Every structure is written in structure tokens, then in C-alpha cells.
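Participant: here's my sequence, what's the structure:
(one chain, ligands or ions: 1)
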Amino acid sequence: MALKLGCKARRNCCGLLLQAVRSPLLFPWAHCSWRGAGSLLDPEMRAFLEENTEVTSSGSLTPEIQLRLLTPRCKFWRERADLWPYSDPYWAIYWPGGQALSRYLLDNPDVVRGKSVLDLGSGCGATAIAAKMSGASRILANDIDPIAGVAITLNCELNRLDPLPILTKNILDLQQDKWDLVVLGDMFYDESLADSLHQWLKNCIWTYRTRVLIGDPGRPQFSGHSIQHQLQRVVEYSLPESTREENNGLTTSTVWDFQP
Ligand SMILES: C[S@@+](CC[C@H](N)C(=O)[O-])C[C@H]1O[C@@H](n2cnc3c(N)ncnc32)[C@H](O)[C@@H]1O
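Facilitator: Model prediction:
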């Protein structure tokens with residue numbers, strides 16, 4: 001991942017991150033010493049994130065959102081991957097799928113204003129933040145990585161928002177809650193995760209008539225999935241140069257409305 005970081009990250013941070021997802025043993029040392037919502041602002045964790053990320057608002061589709069991300073000026077962009085003490089930091093990258101979704105929500109606040117919104121696989125939290133900025137009444141940022149929870153809280157602070165509610169467990173096997181809107185940025189990067197999401201999202205829509213918006217830059221696991229037959233294209237964005245470079249030359253990112 002990003003953090004097969006090291007020098008390789010400079011070449012292709014995102015591609016490596018996705019490789020790592022498919023090969024969990026690539027990071028056998030990865031563990032998380034941080035647990036639980038009560039320690040979201042653990043001082044050591046906060047200090048680690050602040051020291052090893054850079055605040056940036058450039059190079060994405062949403063310059064109005066500031067984020068702490070892993071950039072070429074961060075130590076672990078070049079550093080040996082085995083010195084990174086935590087799980088692979090997906091939260092340190094603002095993925096093209098999330099960028100498109102966030103841009104769409106900021107430009108079309110009517111889509112979220114007064115609505116309850118679940119950002120599933122929130123990562124850095126940018127799409128949840130965009131939903132908040134556009135007037136969503138209730139938001140949950142969900143990610144299985146507890147450190148993403150810390151990053152999301154720091155990113156809320158950067159954008160002068162109260163901390164958003166965060167849930168750091170896998171909800172795909174749980175009883176579903178009612179949401180007006182579920183948003184997913186760049187979540188279809190793995191075939192079995194794509195299958196689970198497909199089923200879970202169908203149940204959400206059939207049970208609660210939830211609207212589901214998916215942001216994706218055309219990853220093969222998404223373009224080749226059976227969900228393709230149940231999508232309506234909402235909008236397509238041309239990606240900024242730096243995002244293209246980090247994503248193997250992907251040039252656009254699209255927001256899709258899932259209608260099974
Ligand atoms: C490629 S990143 C996308 C992050 C963000 N949505 C964006 O577009 O910038 C995928 C995220 O999904 C999270 N994730 C993976 N499986 C998940 C699951 N079952 N439930 C919740 N989050 C999950 C990962 O930890 C990671 O932060």
C-alpha cells in the first residue's frame with residue numbers, strides 16, 4: 001500500500017496499496033495498538049498522524065476540503081515500509097472515487113440536505129465531510145480501520161467541523177440501519193468485497209428505499225462486476241494530474257446511482 005511506501009510509494013503509492021490489499025501477508029508486522037472510540041484523540045496517535053502526514057487541499061477535485069494525507073514531502077513516502085507501525089493507511093490517500101463523490105455532493109447539496117448519510121469505507125472522511133458541508137442532518141463515517149477514525153476526526157477539525165460520528169467495525173454482516181443515502185468512494189477494489197457490498201446495498205435499497213451513490217474511477221473489479229447492469233451514470237469528472245499519476249493513469253472518476 002501506500003506504505004509498501006518506501007521509495008516505491010513515490011512511484012506508485014496507490015497501486016502498491018491495492019496490491020497489499022490482495023496480499024495480506026505482505027505486511028505481517030501490521031497491527032494496531034489503538035482501539036476504540038474513546039481513544040479517538042489519543043495524544044500519541046494524534047502526534048503520530050500530525051508528524052507523518054501533510055495538510056493539503058490541492059491536487060484533488062475538492063480544494064475546499066483540507067485533509068491530512070501522505071504526500072511526497074512526508075517521511076514515509078520514502079521510508080522503509082517495515083518501519084510503519086500500523087495497518088496500511090488507506091485513510092492517508094484521497095481516492096479518485098471519493099473525490100468524485102465529494103465534488104458531486106458539494107455541487108449538489110440538495111442530494112444530501114436534511115438527509116441521513118452513511119459513508120461506507122470512509123478512509124480520510126472527505127465524502128462524509130462534504131455531506132456535512134452540504135447540510136446532511138445525520139452522518140456516520142464507517143471504516144474497518146480504527147486509525148481512519150482518528151484521521152477523520154483530525155480532518156473534521158481542519159475543516160472547522162464538529163467531530164463526526166465514526167464506527168470502526170465491519171457492518172456488512174450486521175442488521176442494517178435505515179439511511180436516506182449511502183455513499184461509497186472507491187470501495188470496489190476487491191472482488192469478494194464487491195460481492196458483499198453488492199448484496200448488502202441491494203438489501204438496504206429493498207428494505208429502506210435507501211439511495212446509493214458509488215464513486216469509482218473504472219477499476220476492473222467494478223467495471224467487470226455484475227453490478228454494472230444496475231447502475232445509472234450521474235456525472236463524470238476529469239481527474240487532477242497528481243491523482244492520475246498516483247492511480248496508474250486513470251483519467252476520470254464517475255458517480256453512479258445504484259438502482260437494482
Ligand atoms: C480505497 S479506500 C477509499 C476511502 C475513501 N472512501 C476515499 O474514496 O478516499 C477503501 C476504504 O475502505 C475501508 N474498508 C474496507 N473494507 C471495509 C468494510 N467492510 N467496511 C468498512 N470499510 C471498509 C478501508 O479501510 C479503506 O479505508
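Participant: so for this structure, the centremost residue is which one?
Facilitator: Gly123 (3.4 Å; C-alpha atoms, centre = their mean).
Participant: phi, psi of it?
Facilitator: Here is the backbone geometry of Gly123 (degrees, to the nearest 10): phi 60, psi -120.
Participant: nearest spatial neighbour of it, skipping sequence neighbours?
Facilitator: Trp91 (4.9 Å; C-beta to C-beta, 6 or more residues apart in numbering). Bear in mind the C-beta positions are built from the backbone N, C-alpha and C, glycine included.
Participant: neighbours of the one you found, how many?
Facilitator: 28 (other C-beta atoms under 10 Å).
Participant: what residues does it make contact with?
Facilitator: By C-beta atoms under 8 Å, 6 or more residues apart in numbering, the residues touching Trp91 are 123-125, 143, 145, 147-148, 151-152.
Participant: again, but for Asn52
Facilitator: 70, 74-76.
Participant: Arg233 now?
Facilitator: Counting by C-beta under 8 Å, 6+ apart, the residues that Arg233 touches are 254-257.
Participant: among these, name the ones in strands.
Facilitator: 254-257 (DSSP state E).
Participant: show me which residues of the stretch 101-250 of the chain are close to the ligand?
Facilitator: Residues of the stretch 101-250 of the chain that fall close to the ligand, judged by C-beta under 6 Å from any ligand atom: 120-124, 126-127, 142-145, 148, 170, 172, 185-187, 189, 193.
Participant: please pick the buried ones from the residues you listed.
Facilitator: 120-124, 126-127, 142-143, 145, 148, 185-187, 189 (16 or more other C-beta atoms under 10 Å).
Participant: and the helices in the stretch 151-260 of the chain?
Facilitator: 191-208, 220-223, 241-246 (DSSP state H, counting those that start in this stretch).
Participant: equivalent analysis for the stretch 1-150 of the chain, please.
Facilitator: Under DSSP H, counting those that start in this stretch, the stretch 1-150 of the chain gives helices at 6-22, 43-52, 75-78, 96-107, 126-133, 146-158.
Participant: hmm, who's touching the fifth one?
Facilitator: Yep, that's helix 126-133 we're talking about. Contacts for helix 126-133 (C-beta under 8 Å, 6+ apart): 60, 62, 64-65, 67, 94, 98-99, 101-103, 105-106, 112, 117, 119, 122, 139-141, 152, 155-156, 159, 161, 164, 181, 183, 185, 215.
Participant: show me just the buried residues among these.
Facilitator: Buried among the contacts of helix 126-133 by 16+ other C-beta under 10 Å: 60, 62, 65, 67, 94, 98-99, 101-103, 105-106, 112, 117, 119, 122, 139-141, 152, 155-156, 159, 161, 164, 181, 183, 185, 215.
Participant: any stretches of the stretch 1-150 of the chain with poor pLDDT?
Facilitator: 1-40 (pLDDT under 70).
Participant: list the contacts of the residue nearest to the centre of the chain.
Facilitator: Per C-beta under 8 Å, 6+ apart, neighbours of Gly123: 90-91, 93-95, 98, 143, 148, 151, 185-186.
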